[in-house]
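Asker: mind folding the following:
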Amino acid sequence: MGLGHIRAAFPLRFLSGGEIIVYGSRFNTFGKENLINTLLFLKNVKKGGIIMANSAVRLFCRTTCSMVSRSGKTFIFLMALLVIACLFSGHLLADDWQLKMKKDGITVYTRNVKGSGFKEFKATAEIKASLESALKLITDVKSYAKWSPNIKEIRVLKKINSNESIMYEYQHVSFLVADRDCVYKVIRTEDKKTKCVTLTVTAFPEYIPVRKGVVRVKTVEASWTLTPHQDTGTVTMIYQMHNEPGGKIPKWLANAFVVKQPYKNFVNMRKLLQNS
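Answerer: Reported below is the predicted structural model:
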(Lines give C-alpha, C1' and ligand atoms only; values in the text may rest on other atoms or scores of the structure.)
Protein backbone atom coordinates (compact mmCIF):
# COMPACT_ATOMS: atom_id res chain seq x y z
CA MET A 1 0.00 0.00 0.00
CA GLY A 2 1.54 3.32 -1.07
CA LEU A 3 1.05 6.78 0.37
CA GLY A 4 -1.62 7.50 -2.25
CA HIS A 5 -3.74 4.68 -0.84
CA ILE A 6 -3.23 5.98 2.68
CA ARG A 7 -4.41 9.45 1.67
CA ALA A 8 -7.52 7.90 0.14
CA ALA A 9 -8.31 5.85 3.25
CA PHE A 10 -7.67 8.59 5.83
CA PRO A 11 -7.97 12.38 6.05
CA LEU A 12 -4.18 12.52 6.41
CA ARG A 13 -1.75 14.33 4.12
CA PHE A 14 2.03 14.34 4.04
CA LEU A 15 3.59 17.70 3.14
CA SER A 16 7.13 18.84 2.44
CA GLY A 17 9.30 20.08 5.28
CA GLY A 18 8.24 17.33 7.69
CA GLU A 19 4.64 18.54 8.02
CA ILE A 20 1.44 16.48 8.08
CA ILE A 21 -2.25 17.37 8.13
CA VAL A 22 -4.54 15.11 10.18
CA TYR A 23 -8.27 15.87 10.19
CA GLY A 24 -7.64 19.51 9.30
CA SER A 25 -4.93 20.07 11.92
CA ARG A 26 -1.43 20.72 10.62
CA PHE A 27 1.68 19.64 12.50
CA ASN A 28 5.38 20.16 11.95
CA THR A 29 6.94 16.88 13.01
CA PHE A 30 10.60 17.86 13.11
CA GLY A 31 12.03 18.52 16.55
CA LYS A 32 11.30 16.57 19.71
CA GLU A 33 8.66 18.98 21.09
CA ASN A 34 6.75 19.15 17.79
CA LEU A 35 6.85 15.38 17.46
CA ILE A 36 5.53 14.84 20.99
CA ASN A 37 2.64 17.28 20.35
CA THR A 38 1.77 15.45 17.14
CA LEU A 39 1.78 12.09 18.88
CA LEU A 40 -0.41 13.39 21.71
CA PHE A 41 -2.92 14.64 19.15
CA LEU A 42 -2.94 11.33 17.29
CA LYS A 43 -3.21 9.33 20.53
CA ASN A 44 -5.92 11.29 22.29
CA VAL A 45 -8.32 12.52 19.64
CA LYS A 46 -10.78 10.08 18.05
CA LYS A 47 -11.51 12.15 14.95
CA GLY A 48 -12.46 9.95 12.02
CA GLY A 49 -12.56 6.94 14.30
CA ILE A 50 -8.82 6.29 14.47
CA ILE A 51 -7.79 5.41 18.01
CA MET A 52 -4.06 4.96 18.41
CA ALA A 53 -3.08 2.00 20.57
CA ASN A 54 -0.84 3.01 23.46
CA SER A 55 1.78 0.43 22.58
CA ALA A 56 1.95 1.63 18.97
CA VAL A 57 2.40 5.23 20.04
CA ARG A 58 5.10 4.37 22.56
CA LEU A 59 7.02 2.31 20.02
CA PHE A 60 6.58 4.99 17.37
CA CYS A 61 7.77 7.72 19.78
CA ARG A 62 10.89 5.80 20.79
CA THR A 63 11.78 5.00 17.20
CA THR A 64 11.14 8.39 15.63
CA CYS A 65 12.78 10.41 18.43
CA SER A 66 16.03 8.62 17.63
CA MET A 67 15.70 8.76 13.84
CA VAL A 68 13.75 11.89 12.90
CA SER A 69 16.73 14.22 13.09
CA ARG A 70 18.64 12.04 10.63
CA SER A 71 16.07 11.38 7.97
CA GLY A 72 12.79 13.04 7.12
CA LYS A 73 12.05 10.19 4.73
CA THR A 74 12.44 7.72 7.58
CA PHE A 75 9.87 9.64 9.61
CA ILE A 76 7.33 9.70 6.78
CA PHE A 77 7.86 5.98 6.24
CA LEU A 78 7.28 5.27 9.93
CA MET A 79 4.17 7.46 9.98
CA ALA A 80 2.84 5.52 7.00
CA LEU A 81 3.49 2.26 8.85
CA LEU A 82 1.64 3.59 11.90
CA VAL A 83 -1.39 4.51 9.83
CA ILE A 84 -1.37 1.14 8.08
CA ALA A 85 -1.12 -0.63 11.46
CA CYS A 86 -4.18 1.26 12.70
CA LEU A 87 -6.07 0.36 9.53
CA PHE A 88 -5.47 -3.37 9.91
CA SER A 89 -5.92 -3.44 13.69
CA GLY A 90 -9.58 -2.49 13.29
CA HIS A 91 -9.60 0.92 14.95
CA LEU A 92 -12.06 2.51 12.55
CA LEU A 93 -14.82 3.12 15.09
CA ALA A 94 -16.69 6.38 14.68
CA ASP A 95 -19.72 7.02 12.52
CA ASP A 96 -19.86 9.57 9.75
CA TRP A 97 -20.85 13.14 10.53
CA GLN A 98 -24.56 13.96 10.31
CA LEU A 99 -25.74 17.49 9.59
CA LYS A 100 -27.94 18.72 12.47
CA MET A 101 -28.14 22.45 11.89
CA LYS A 102 -27.35 24.92 9.14
CA LYS A 103 -28.39 28.44 10.01
CA ASP A 104 -26.99 31.97 9.74
CA GLY A 105 -23.81 30.70 8.10
CA ILE A 106 -23.18 28.30 10.99
CA THR A 107 -23.13 24.54 10.46
CA VAL A 108 -23.30 21.94 13.22
CA TYR A 109 -22.65 18.23 12.74
CA THR A 110 -22.78 15.37 15.23
CA ARG A 111 -21.70 11.76 15.19
CA ASN A 112 -21.74 8.75 17.47
CA VAL A 113 -18.66 7.72 19.42
CA LYS A 114 -18.26 4.00 20.04
CA GLY A 115 -18.64 3.10 23.68
CA SER A 116 -20.35 6.38 24.54
CA GLY A 117 -23.96 7.47 24.63
CA PHE A 118 -22.91 11.09 24.18
CA LYS A 119 -22.39 12.50 20.71
CA GLU A 120 -19.40 14.40 19.38
CA PHE A 121 -20.07 17.69 17.61
CA LYS A 122 -18.30 19.76 14.99
CA ALA A 123 -19.40 23.34 14.38
CA THR A 124 -18.06 25.57 11.61
CA ALA A 125 -18.47 29.23 10.72
CA GLU A 126 -16.71 31.83 8.61
CA ILE A 127 -16.54 35.11 10.48
CA LYS A 128 -15.46 38.57 9.39
CA ALA A 129 -12.49 39.12 11.67
CA SER A 130 -8.73 38.90 11.85
CA LEU A 131 -7.00 35.78 13.08
CA GLU A 132 -5.53 37.74 15.99
CA SER A 133 -8.90 39.03 17.23
CA ALA A 134 -10.59 35.62 16.87
CA LEU A 135 -7.75 33.88 18.70
CA LYS A 136 -7.78 36.48 21.47
CA LEU A 137 -11.52 35.97 21.99
CA ILE A 138 -11.02 32.22 22.43
CA THR A 139 -7.94 32.40 24.66
CA ASP A 140 -8.74 35.46 26.81
CA VAL A 141 -10.42 34.09 29.94
CA LYS A 142 -12.08 37.46 30.62
CA SER A 143 -14.02 37.13 27.36
CA TYR A 144 -15.40 33.63 27.85
CA ALA A 145 -18.62 34.58 29.63
CA LYS A 146 -19.47 36.97 26.79
CA TRP A 147 -19.78 34.23 24.19
CA SER A 148 -20.44 31.18 26.42
CA PRO A 149 -22.83 32.31 29.19
CA ASN A 150 -22.92 28.87 30.83
CA ILE A 151 -19.33 29.37 31.93
CA LYS A 152 -19.42 30.86 35.41
CA GLU A 153 -15.72 30.64 36.18
CA ILE A 154 -12.58 30.05 34.14
CA ARG A 155 -8.96 30.60 35.02
CA VAL A 156 -5.43 29.58 34.11
CA LEU A 157 -4.05 27.15 36.67
CA LYS A 158 -0.60 26.91 35.13
CA LYS A 159 1.09 28.43 32.09
CA ILE A 160 3.61 25.81 31.02
CA ASN A 161 5.00 27.83 28.12
CA SER A 162 3.76 30.15 25.39
CA ASN A 163 1.94 27.25 23.68
CA GLU A 164 0.72 25.14 26.60
CA SER A 165 -1.41 25.84 29.63
CA ILE A 166 -3.64 24.08 32.15
CA MET A 167 -7.11 25.60 32.59
CA TYR A 168 -9.99 25.30 35.04
CA GLU A 169 -13.60 25.78 33.93
CA TYR A 170 -16.84 25.78 35.93
CA GLN A 171 -20.22 25.58 34.16
CA HIS A 172 -23.85 25.87 35.14
CA VAL A 173 -25.47 23.54 32.59
CA SER A 174 -29.15 23.42 33.60
CA PHE A 175 -31.39 23.55 36.64
CA LEU A 176 -32.16 19.89 35.88
CA VAL A 177 -28.63 18.65 36.61
CA ALA A 178 -25.67 19.41 38.86
CA ASP A 179 -23.06 21.95 37.84
CA ARG A 180 -19.92 20.67 36.13
CA ASP A 181 -16.28 21.62 36.26
CA CYS A 182 -13.30 20.53 34.22
CA VAL A 183 -9.54 20.80 34.25
CA TYR A 184 -7.91 20.55 30.86
CA LYS A 185 -4.66 21.09 29.03
CA VAL A 186 -4.51 23.30 25.95
CA ILE A 187 -1.78 22.89 23.33
CA ARG A 188 -1.40 25.46 20.58
CA THR A 189 0.14 24.65 17.20
CA GLU A 190 0.53 26.95 14.22
CA ASP A 191 1.25 26.47 10.55
CA LYS A 192 3.81 29.13 9.69
CA LYS A 193 2.86 29.08 6.00
CA THR A 194 -0.93 29.23 6.13
CA LYS A 195 -1.12 30.86 9.61
CA CYS A 196 -3.69 28.23 10.61
CA VAL A 197 -3.83 27.89 14.40
CA THR A 198 -5.10 24.80 16.22
CA LEU A 199 -5.87 24.59 19.94
CA THR A 200 -6.08 20.97 21.10
CA VAL A 201 -7.85 20.36 24.42
CA THR A 202 -7.57 17.22 26.57
CA ALA A 203 -8.87 16.55 30.08
CA PHE A 204 -6.53 16.76 33.06
CA PRO A 205 -9.04 15.74 35.76
CA GLU A 206 -6.74 14.87 38.66
CA TYR A 207 -4.78 18.13 38.65
CA ILE A 208 -6.82 19.71 41.48
CA PRO A 209 -9.40 18.33 43.96
CA VAL A 210 -13.07 18.19 43.00
CA ARG A 211 -15.30 20.93 44.45
CA LYS A 212 -18.09 19.84 46.77
CA GLY A 213 -21.45 19.52 45.03
CA VAL A 214 -19.89 19.75 41.55
CA VAL A 215 -19.42 16.90 39.05
CA ARG A 216 -15.93 16.74 37.55
CA VAL A 217 -15.89 16.09 33.79
CA LYS A 218 -13.09 13.57 33.36
CA THR A 219 -13.17 12.96 29.61
CA VAL A 220 -12.80 15.85 27.17
CA GLU A 221 -11.39 15.80 23.65
CA ALA A 222 -11.79 19.06 21.78
CA SER A 223 -10.13 21.39 19.32
CA TRP A 224 -10.42 24.85 17.84
CA THR A 225 -9.06 25.34 14.33
CA LEU A 226 -8.76 28.88 12.96
CA THR A 227 -7.84 29.42 9.32
CA PRO A 228 -7.46 33.04 8.11
CA HIS A 229 -8.37 34.19 4.58
CA GLN A 230 -6.54 37.35 3.63
CA ASP A 231 -8.49 37.84 0.40
CA THR A 232 -11.84 38.06 2.21
CA GLY A 233 -10.72 39.30 5.62
CA THR A 234 -12.44 36.35 7.29
CA VAL A 235 -11.53 33.45 9.54
CA THR A 236 -12.92 29.94 9.21
CA MET A 237 -13.48 28.58 12.71
CA ILE A 238 -13.99 24.90 13.46
CA TYR A 239 -14.99 23.90 16.98
CA GLN A 240 -15.07 20.18 17.70
CA MET A 241 -15.70 18.32 20.97
CA HIS A 242 -16.65 15.08 22.62
CA ASN A 243 -16.93 14.69 26.39
CA GLU A 244 -18.37 12.39 29.01
CA PRO A 245 -20.26 14.76 31.34
CA GLY A 246 -20.30 12.32 34.25
CA GLY A 247 -22.89 12.12 37.00
CA LYS A 248 -26.57 11.61 36.28
CA ILE A 249 -27.50 13.51 33.15
CA PRO A 250 -30.06 12.35 30.53
CA LYS A 251 -28.37 11.52 27.25
CA TRP A 252 -31.17 13.24 25.30
CA LEU A 253 -30.47 16.47 27.18
CA ALA A 254 -26.72 16.31 26.63
CA ASN A 255 -27.10 15.43 22.94
CA ALA A 256 -29.51 18.32 22.38
CA PHE A 257 -27.05 20.60 24.12
CA VAL A 258 -24.20 19.70 21.73
CA VAL A 259 -26.24 21.03 18.79
CA LYS A 260 -27.69 24.19 20.31
CA GLN A 261 -24.73 25.36 22.38
CA PRO A 262 -22.01 25.58 19.69
CA TYR A 263 -24.47 27.41 17.45
CA LYS A 264 -25.16 29.96 20.21
CA ASN A 265 -21.45 30.27 20.89
CA PHE A 266 -20.72 31.17 17.28
CA VAL A 267 -23.62 33.65 17.15
CA ASN A 268 -22.23 35.42 20.21
CA MET A 269 -18.65 35.32 18.94
CA ARG A 270 -19.65 36.79 15.58
CA LYS A 271 -21.39 39.72 17.28
CA LEU A 272 -18.41 40.38 19.53
CA LEU A 273 -15.86 40.19 16.72
CA GLN A 274 -17.84 42.32 14.28
CA ASN A 275 -18.46 44.98 16.91
CA SER A 276 -14.86 45.11 18.10
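Asker: what average pLDDT does stretch 108-119 get?
Answerer: Mean pLDDT, stretch 108-119: 93.
Asker: list phi and psi for residue 175.
Answerer: Backbone torsions for residue 175, taken as degrees, to the nearest 10, come to phi -70, psi -10.
Asker: what's around it, how many residues?
Answerer: Counted by other CB atoms under 10 Å, the residues lying close to residue 175 total 5. Using the backbone N, CA and C atoms, a C-beta is placed for each residue, glycine as well.
Asker: distance check, it against residue 253.
Answerer: According to CB to CB, to the nearest Å, residue 175 stands 11 Å off from residue 253.
Asker: quick one, strands of the stretch 151-276 of the chain?
Answerer: Secondary structure of the stretch 151-276 of the chain by DSSP state E, counting those that start in this stretch: the strands cover 151-161, 164-171, 180-190, 197-203, 215-216, 219-229, 234-244.
Asker: so who does the nearest residue to residue 240 once chain neighbours are set aside touch?
Answerer: Leaving aside its chain neighbours, residue 240 sits nearest to residue 122 (4.4 Å; criterion: CB to CB, 6 or more residues apart in numbering). Residue 122 makes contact with 97, 108, 109, 110, 111, 238, 239, 240, according to CB atoms under 8 Å, 6 or more residues apart in numbering.
Asker: for the closest residue in space to residue 251 that isn't next to it in sequence, give me phi and psi.
Answerer: Counting by CB to CB, 6+ apart, residue 117 is the residue found nearest to residue 251 once chain neighbours are left out, at 4.5 Å. The phi and psi torsions at residue 117 (degrees, to the nearest 10) take the values phi -90, psi 0.
Asker: so where is the protein shaky, pLDDT-wise?
Answerer: Counting by pLDDT under 70, the chain contains low-confidence ranges at 1-95.
Asker: which helix in it has the most residues?
Answerer: helix 251-275 (DSSP state H).
Asker: other SSEs contacting that one?
Answerer: Applying 3 or more CB pairs under 8 Å, 6 or more residues apart in numbering; DSSP states H and E, we find helix 251-275 packed against strand 98-103, strand 106-111, strand 120-128, helix 131-139, helix 144-147, strand 234-244.
Asker: mind putting these in CSV, distance to residue 196 included?
Answerer: CSV is the format used below for the helices and strands packed on helix 251-275 (distance: least, CB to CB, whole Å):
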stretch, distance to residue 196
strand 98-103, 23
strand 106-111, 19
strand 120-128, 14
helix 131-139, 9
helix 144-147, 21
strand 234-244, 9
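Asker: right, and the ones you listed - which one's nearest residue 180?
Answerer: strand 234-244 (9.2 Å; CB to CB).
Asker: the closest one vs strand 180-190, what angle?
Answerer: 140 degrees (axes from the mean of the first three to the mean of the last three CA atoms, to 10 degrees).
Asker: strand 234-244 pairs with which strands?
Answerer: Its sheet considered, strand 234-244 pairs with strand 120-128 (antiparallel), strand 219-229 (antiparallel) by DSSP bridges.
Asker: relative to strand 197-203, how tilted is the last one?
Answerer: What that stands for is strand 219-229. Going by the same axes, to 10 degrees, strand 219-229 makes 170 degrees with strand 197-203.
Asker: and stretch 123-137, how far apart are its ends?
Answerer: Start-to-end span of stretch 123-137 (CA to CA, to the nearest Å) is 17 Å.
Asker: show me which residues of it are buried.
Answerer: By 16 or more other CB atoms under 10 Å, the buried positions in stretch 123-137 come out as 123, 124, 125, 126, 127, 129, 131, 134, 135, 137.
Asker: from these, pick the one nearest residue 159.
Answerer: residue 135 (16.0 Å).
Asker: what's near enough to touch the closest one?
Answerer: Taking CB under 8 Å, 6+ apart, one finds 197, 226 in contact with residue 135.
Asker: 6 Å instead, please
Answerer: Neighbouring residues of residue 135 by CB atoms under 6 Å, 6 or more residues apart in numbering: residue 197.
Asker: do residue 127 as well
Answerer: 235, 270, 273.
Asker: over to residue 141?
Answerer: residue 154.
Asker: hmm, 7 Å instead?
Answerer: 154, 155, 156 (CB atoms under 7 Å, 6 or more residues apart in numbering).
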